[in-house]
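Asker: Need a 3D model of the following:
(one chain, ligands or ions: 1)
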Amino acid sequence: MDMDAFFASVEQRDRPELKGKPVIVGSPPSQRGVVSAASYEARKFGVRSAMPSATAGRLCPKGIFVRPRMESYKAESVAIMNILAGTGARLEPVSIDEAYMDATEVLRGISPMLGQSPTAAENFTETDADKALYSALPLAREIRRRIFAERHLTATVGIASNKLLAKLASDFQKPNGLTLITERDKVAFLRPLPVRSLHGVGRVTEQVLLDAGLLTIGDLQDYPGDLRALVGSFARQLKDFAFGEDDRPLELDNTLKSISSEETFLKDTADRGILRASLRSQAEDVARKLERNRLAAKTVQVKLRYGDFTTLSRQITVEEPLTEAREIYRFACFLLSRERLVSRPLRLLGVGVSHLDAPEGRQLRLWREV
Ligand SMILES: [Mg+2]
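Answerer: Numbering: from 1, shown residues only. Have a look, this model is predicted:
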């Protein structure tokens, strides 16, 4: 389940005058800052989250910039996750507006949401695995209906046999969609998609694959060579993913240990303005990832690499867990200035956080209200 343009949709719901308008949630374009979310109307202009607000303002001059109201989005997230938990399915929230659900057990028995589960119709000619997937349709429809009726927001749901495919299915017909990928069709479904859409293929891996002439997942399926020469130990899983095979279990407790962000500069630099801007956007990146995973951090770390590749890091641990970008930024600046580490030009600068834990009270609340 993936909410549609979540932050922007909450704003449009709470302020009806914003309905149908290009809403951009983030800092105003006149300030240094980034876009946290954009409504579909704004996305038509090319506005994307994590883009500098100034760029968004240029792309979409009529865009209405709205300051993020994280507390409202978090409260909304709790309400939506409670609707999902009410199905009786096993639930892995992956971000503030996204969750995996495993409905295998609940579809075999009685769903608190649907009552007696409808048994798969006799006239299905599909394999048993596909029958099970079709039997999840009423549940998916009910989830979407509930979210709309109770929260006045739309969600997109993907149904498939594993996390990899369910995620792709939930991205497929956005907004307000429902997509089912059958076992029979999964290989064909994947074929035309770009390699980047596979879980685990980030910018670097994508470039390696593109350089080798592998543009689509179909290219990966057909590749006669040894993928290990291209992507090392990821080869086996990548090949499995390309054929829609994924045995990753639902993670019911969060196992994330650290989060970091770093930048390698085009030219080594000791320019305070450039370094501060880089740190600030990294801190925002880290804070966003904390937010997505509903975590707070007790340790902030900076990493530096000088022109001669000497690399060092410094860290500080604080008593109160941090969640905010500006706090992470402030501690990172402190670590750099404390030992005058920027004594010569840097090739790389990075910020990370560790000692992660749920911000006080929040996780408990999610489950207690069910
Ligand atoms: Mg979403």
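Asker: show me where pLDDT drops low in the stretch 151-300 of the chain?
Answerer: Along the stretch 151-300 of the chain, the model assigns pLDDT under 70 to residues 252-256.
Asker: Going along the chain, name the helices of it.
Answerer: Using DSSP state H, counting those that start in this stretch, the helices assigned to the stretch 151-300 of the chain run over residues 163-172, 186-190, 203-211, 217-222, 228-231, 235-242, 272-292.
Asker: Could you find the closest non-adjacent residue to the residue nearest the centre of the chain?
Answerer: In the chain, the C-alpha closest to the average C-alpha coordinate belongs to Ser95, at a distance of 6.1 Å (CA atoms, centre = their mean). Nearest residue to Ser95, sequence neighbours excluded (CB to CB, 6 or more residues apart in numbering): Arg292, at 3.9 Å. C-beta here means a position set from N, CA and C on the backbone, and glycine is covered the same way.
Asker: Just want the phi and psi numbers for Pro345.
Answerer: Backbone geometry at Pro345, expressed as degrees, to the nearest 10, gives phi -60, psi 140.
Asker: what pairs with the residue nearest to the centre of the chain across the strands?
Answerer: Judged by DSSP bridges, the bridge partners of Ser95 are Glu98.
Asker: show me what contacts the residue nearest to Ile217 when sequence neighbours are not counted?
Answerer: Across the structure, with CB to CB, 6+ apart as the measure, the residue nearest Ile217 apart from its sequence neighbours is Leu190 (4.3 Å). For Leu190, the contact set (CB atoms under 8 Å, 6 or more residues apart in numbering) comprises 168, 217-218, 221, 242-244.
Asker: do Leu18 as well
Answerer: Neighbouring residues of Leu18 by CB under 8 Å, 6+ apart: 11-12, 39, 64, 66.
Asker: Now with 6 Å, please.
Answerer: 11-12 (CB atoms under 6 Å, 6 or more residues apart in numbering).
Asker: thinking again about what came up before, for the helices of the stretch 151-300 of the chain, give me JSON lines that also has distance to Gly57.
Answerer: Below are the helices of the stretch 151-300 of the chain laid out as JSON lines (distance: least, CB to CB, whole Å):
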{"stretch": "helix 163-172", "distance to Gly57": "27"}
{"stretch": "helix 186-190", "distance to Gly57": "37"}
{"stretch": "helix 203-211", "distance to Gly57": "25"}
{"stretch": "helix 217-222", "distance to Gly57": "36"}
{"stretch": "helix 228-231", "distance to Gly57": "38"}
{"stretch": "helix 235-242", "distance to Gly57": "38"}
{"stretch": "helix 272-292", "distance to Gly57": "17"}
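Asker: Of those helices, which is nearest the ion?
Answerer: The closest approach between the ion and any of the helices of the stretch 151-300 of the chain, judged by CB to the ion, belongs to helix 163-172 at 8.5 Å.
Asker: who's in contact with the closest one?
Answerer: For helix 163-172, the external contacting residues (CB under 6 Å, 6+ apart) are 2, 100, 156, 158, 160, 179, 181, 186, 199, 241, 244, 246, 248.
Asker: Let me have the contacts of Leu190 in CSV, adding neighbour count and distance to the ion as columns.
Answerer: Shown next, in CSV, are these (neighbours: other CB atoms under 10 Å; distance: CB to the ion, whole Å):
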residue, neighbour count, distance to the ion
Leu168, 22, 14
Ile217, 26, 22
Gly218, 17, 27
Gln221, 15, 28
Ala242, 26, 25
Phe243, 13, 26
Gly244, 22, 22
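Asker: Show me which of these is closest to Val318.
Answerer: The nearest member of those to Val318, counting by CB to CB, is Leu168 at 39.2 Å.
Asker: And the closest one, how far from Ile217?
Answerer: 10 Å (CB to CB, to the nearest Å).
Asker: With Leu137 instead?
Answerer: As defined by CB to CB, Leu137 lies at a distance of 25 Å from Ile217.
Asker: What's the local residue count around the residue nearest to Ser95?
Answerer: By the other CB atoms under 10 Å criterion, the neighbourhood of Arg292 contains 16 residues.
Asker: just checking, it touches Val94?
Answerer: No. Arg292 sits out of contact with Val94 when judged by CB atoms under 6 Å, with a separation of 7.6 Å.
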